[in-house]
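Novice: how would this look folded up:
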Amino acid sequence: MIKDKKDITDKEFEEILLPFYNNYNEYLIKFVIPDAVAFYLANGYNRNCLSNCPLINHINSALDIFNIRYNIDNLIPEIKQILKIKYNLKIEKDNPLKFKNYS
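Specialist: Take a look at the predicted model:
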């Protein structure tokens, strides 16, 4: 255990802290980031705040708050699914970004 230690060894870092941080990053990528980006897009669309630029630009703007590496190509299908389920929105066109309501 490394609690209350001021310094840790490289071995402790690799065996204890690195898996902890990797697990946290994986959680963010799988659960938090797709939902947050979908909210950003839906909220921006509903408030007429999205500029006339490609989807990728809007995703990067939403992701600026997170200090994590991500693969946008894997993220886009999840974002589209969340937009459909939670916000009844479909991305009609990626560049420039255009939405359509599912109703």
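Novice: so what touches stretch 40-50?
Specialist: Applying C-beta atoms under 8 Å, 6 or more residues apart in numbering, the external contacts of stretch 40-50 come out as 58-59, 61-62, 79, 83, 86-87, 89, 97, 99. Every residue, glycine included, has its C-beta placed from N, CA and C.
Novice: sorry, that was for stretch 17-35
Specialist: Residues contacting stretch 17-35 (C-beta under 8 Å, 6+ apart): 2, 8, 63, 66, 68-70, 75, 78-79, 82.
Novice: which of those tops the neighbour count?
Specialist: residue 79 (25 neighbours; other C-beta atoms under 10 Å).
Novice: that one touches residue 59, doesn't it?
Specialist: Yes. The criterion here is C-beta atoms under 8 Å, and residue 79 meets it with residue 59 at 7.2 Å.
Novice: what do the two both touch?
Specialist: The contact sets of residue 79 and residue 59 overlap at 37, 41 (C-beta under 8 Å, 6+ apart).
Novice: now, the contacts of stretch 40-50 that are in strands?
Specialist: 89, 99 (DSSP state E).
Novice: could you check the pLDDT of the closest residue to residue 70 other than its chain neighbours?
Specialist: Among residues not flanking residue 70 along the chain, residue 29 sits closest, at 5.9 Å (C-beta to C-beta, 6 or more residues apart in numbering). For residue 29, the pLDDT comes out at 87.
Novice: which SSE is the most centrally placed residue in the chain in?
Specialist: Nearest to the geometric centre of the chain sits residue 33, at 2.5 Å (C-alpha atoms, centre = their mean). Using DSSP states H and E, residue 33 maps to helix 33-46.
Novice: buried ones in that helix, by neighbour count?
Specialist: By neighbour count on 16 or more other C-beta atoms under 10 Å, the buried set for helix 33-46 is 33-34, 36-42, 44-45.
Novice: quick one: residues contacting residue 62.
Specialist: Taking C-beta under 8 Å, 6+ apart, one finds 36-37, 40-41 in contact with residue 62.
Novice: distance of residue 82 from residue 22?
Specialist: Look at residue 82 and residue 22: by C-beta to C-beta, to the nearest Å, they are 24 Å apart.
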